[in-house]
Each structure stands twice: as C-alpha cells, then as structure tokens.
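J.: give me coordinates for this.
(one chain, ligands or ions: 2)
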Amino acid sequence: MLTDTFDRRFSYLRLSITEVCNFRCDYCLPEGTDCGPEARAHDLSLDEIRRLVTAFARLGMRKIRITGGEPSLRKDLTDIIALCKQTPGIETVALTTNGYRMTKDVDDWYAAGLDAVNVSIDSLDHAKFKMITGHNKLQKILEGLDRAAELGLPSIKVNSVLMKHYNDDAMDDFLDFVRERPITLRMIELMQTGDNPEFFDRHHLSGDVVIDRLRREGWQERLRGRDSGPAREFWHPDYAGGIGMIMPYSKDFCATCNRLRVSSQGQLFLCLFVDEHQSLRHLLQSDDPEPVMAFLQEAIKGKDYSHHLHEQNAGATKHLAMIGG
Ligand code: SAM
Ligand code: SF4
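T.: Ligands and ions are numbered 1, 2, ... in the order given. The predicted model follows:
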C-alpha cells in the first residue's frame, strides 16, 4: 500500500488522459484549447496506461478516475475503461466528463465496465450553461444522464462549481434536481489556479453558505470514514439524491487525502497544487512494473501535508484541465 509520512493511504488514482477540451468553461479554459491531433500527439498511449495502472494496482490502488481535459475526446476511451476494469486489484472505474458524448457513448462505457460517472453541470439554466461553457448542450447532457440511469450505472454524480453571480441563486433548481433523481450533486468551491486569479476574486463563494441552508432545511451530514476522501456528504429523507460539498479552503481538507494524480503525459502530481511534478513516462516503456512501483514508493515520501491555496499559491497548476481537477 502507498502510505505517506502522515500515515495517509492512497487507494485512488486520478488519471488524466488528455489535456485538450472542446468546452471553454470561464473558470478553467476560457479561451478553449486546440483539439486537433497535433495537440493530442503526446498523450499517454494505451500500452503506457496499461503499465501505469498495473503498477498502481500492485501498490493497492483500488479506484481509478479517468479525467482530463475532456477524456471523451479520445477515441479509445472505451478501451481505456475496459483495460482499467480488467486490471487485477482495480475495483472501481470512474469517469469525469463534460458529458457531451454521453448520449452516444455511455452504453459502450457501461459495457466496458464503467462503475461511476461524474458529469459537470454548473447551471441547470440553458442560457447560463451556454454562457459558462460556450456550448448550448445542456439538453443533450441531461439526456445522457438519463440514459446512464436507465442503464443502471452504479454511481452518477453531477459536479457544479459554486460561483458568485453565476449559480449562487440556483440552489432551488439544484435541490429540485436531486429530489426525485438518485444522483449526488457535488458542489465544488471554485479554486484559484495560475490562470484565473481575477475570476477567482470576483466569483469565489464559500461552501458554508450552502451548508447553512442545507442544515436549515433538514439535511444531515454523513459520518466520514478514514478512507472516505475529502467530500462532505449530506442526505435528506425527502430526497432521492444527495449533496456533496468539496471545500478545499476549509480546515483539515487535506487530512483525509487518499488520491494521487498522473497527467496525460505521464507526470506524477502528489497534489493538485504543487510546484513540481515528476515524470514517470520513461518507466512505462517496458512491461516490468517493479521500477514504476519503486519510483512511486520513493516519491510518496515527498508528499506535503497540505496544499498552499490559502497563501494564494496554486503551485504550477495553470488550470485544472492540466490534471483533471
Ligand atoms: N472536462 C471534464 C469535466 O469538466 O468534467 C473533466 C475535467 S474538469 C478539469 C474536472 C472538474 O474540475 C470539473 O467538474 C470542473 O468543473 C472542475 N474544475 C475545473 N476548474 C476548476 C476550478 N478552478 N475550481 C474548481 N473546480 C474546477
Ligand atoms: Fe473543459 Fe472540463 Fe475545463 Fe470545462 S471544466 S473547460 S469541460 S476541462
């Protein structure tokens, strides 16, 4: 098992499979990215991903989240899901996506073994959704979510970044959304990255505002276990779905960290917000997992206790599309 010097155990790998994205979310990639083959030429290959996942699984990784950029821009996403699922030791394969290909592809992803999907929807208002992402795709994305539910995908979540002036008045819509649907809505506090300091200053909103309202309306917080990760989960007897709060600026957010990250070019990130990352791609050129495992066991010793976001230090992370949020 990978354990750091603060006795935290790492069972959860977030693997970015491409940096490029077709959306232009205001807080992430407001100018969008080039989505052409050139921009994707350096992404990890299927073989490199297989070797990476094998080594992590041998060290006790049980859950893999495939993310990006937009992971569904890769034509071999279904193969990547299947190879993760077939790796001995991996129990859960999850995907974070903007959802634009869900109606077309979610059947294949499910058949390949996908256990969980998180779909980003920052507003349930069509015009606002278009304003935030640059695309008028909310209806299609909601249809994709319905299809995932019809298939019986075990875990379906919606990620919403909380933003003043964008969706701080939308709590009624969000709560209505989970009233009948067995979906967890994840409200994520906006994080400052290298590229978005002004946007952050104008729009950051503390999740405490949401928690106060949830408590007033009878929502209750679930107890957290040692390996449950940083989300605070709330439930209510009158709602089929739940609310999860991700509050990276809150005290002790990092205490329960259970995840490591690898970028689409094979760089290990010990935290979302670090100054330095280490490439392990050269170790992915042979089928022997031992050198990768030795590298990871050494690298984990350098993991800091906490990020330094409170000091306005996002490390070298320009935007979260670099490593998947
Ligand atoms: N493109 C996919 C998507 O949007 O779901 C996957 C990658 S995206 C970087 C992963 C998650 O990070 C999304 O839920 C997105 O809303 C969130 N995210 C991106 N930038 C963020 C920021 N500055 N603060 C908080 N969350 C952010
Ligand atoms: Fe793309 Fe996801 Fe970033 Fe939006 S949040 S720009 S969908 S990577």
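
J.: report the secondary structure state of the closest residue to residue 124 other than its chain neighbours.
T.: Leaving aside its sequence neighbours, residue 124 sits nearest to residue 173 (CB to CB, 6 or more residues apart in numbering; 4.5 Å). Heads up, the C-betas are built off the backbone N, CA and C, glycines and all. For residue 173, the assignment made with DSSP: H, G, I helix; E, B strand; the rest coil gives helix.

J.: again, but for residue 213
T.: helix.

J.: could you check the pLDDT of it?
T.: Residue 213 is assigned 95 on the pLDDT scale.

J.: okay, now it: neighbour count?
T.: Neighbourhood size, residue 213 [other CB atoms under 10 Å]: 12.

J.: might you report the residue contacts of it?
T.: Residues in contact with residue 213 (CB atoms under 8 Å, 6 or more residues apart in numbering) are residue 171.

J.: repeat for residue 189
T.: If you count contacts by CB under 8 Å, 6+ apart, then residue 189 has 161, 162, 204, 205, 206, 207, 246, 247, 248, 249 around it.

J.: repeat for residue 221
T.: The contact partners of residue 221, by CB under 8 Å, 6+ apart, come to 232, 233, 234.

J.: for the closest residue to residue 190 other than its chain neighbours, give its distance to residue 243.
T.: Counting by CB to CB, 6+ apart, residue 204 is the residue found nearest to residue 190 once chain neighbours are left out, at 4.8 Å. For residue 204, the distance to residue 243 (CB to CB, to the nearest Å) stands at 19 Å.

J.: neighbour count for the two, which is higher?
T.: The neighbour count for residue 204 versus residue 243, taken as other CB under 10 Å, is higher for residue 243 (25 against 17).

J.: any buried residues in the worst-scoring helix or strand of the chain on mean pLDDT, and which?
T.: Across the helices and strands of the chain, the lowest-confidence element by mean pLDDT, DSSP states H and E is helix 37-40, at a mean of 84. Buried residues in helix 37-40, counting neighbours by 16 or more other CB atoms under 10 Å, are found at residue 40.

J.: neighbouring contacts of it?
T.: For helix 37-40, the surrounding residues in contact (CB under 8 Å, 6+ apart) are 18, 19, 20, 33, 73, 74.

J.: show me which residues of the chain are close to ligand 2?
T.: 21, 23, 25, 28, 29, 68, 69, 70, 98, 120, 321 (CB under 6 Å from any ligand atom).

J.: can you tell me the element the second one falls in?
T.: By that I understand residue 23. Per DSSP states H and E: residue 23 is located in neither a helix nor a strand.

J.: who touches residue 51 in this structure?
T.: Neighbouring residues of residue 51 by CB under 8 Å, 6+ apart: 284, 286, 287, 289, 292.

J.: let's go with 10 Å and repeat that
T.: Residues near residue 51 by CB atoms under 10 Å, 6 or more residues apart in numbering: 44, 45, 280, 283, 284, 285, 286, 287, 288, 289, 292.

J.: verify the contact between residue 282 and residue 291 for me.
T.: Yes - the criterion here is CB atoms under 10 Å, and residue 282 meets it with residue 291 at 9.1 Å.

J.: of the contacts of helix 37-40, just say which sits nearest to residue 238.
T.: Looking at the contacts of helix 37-40 and their distance to residue 238, the nearest is residue 73, at 38.9 Å (CB to CB).

J.: do you know the pLDDT at the residue in the chain that ligand 1 sits nearest to?
T.: Using CB to the nearest ligand atom, the closest approach of the chain to ligand 1 is made by residue 325 at 2.5 Å. Note on residue 325: pLDDT of 74.

J.: ditto for residue 256
T.: In this prediction, residue 256 has a pLDDT value of 79.

J.: number of nearby residues for it?
T.: Other residues lying near residue 256 total 16 when counted by other CB under 10 Å.

J.: heads up, I number from 6, so please use that
T.: Okay, using 6 as the starting number, the last item reads as residue 261.

J.: quick check, it in contact with residue 229.
T.: Yes - Residue 261 lies in contact with residue 229 (CB under 10 Å); the separation is 6.9 Å.

J.: anything in contact with each of those two?
T.: 235, 236.
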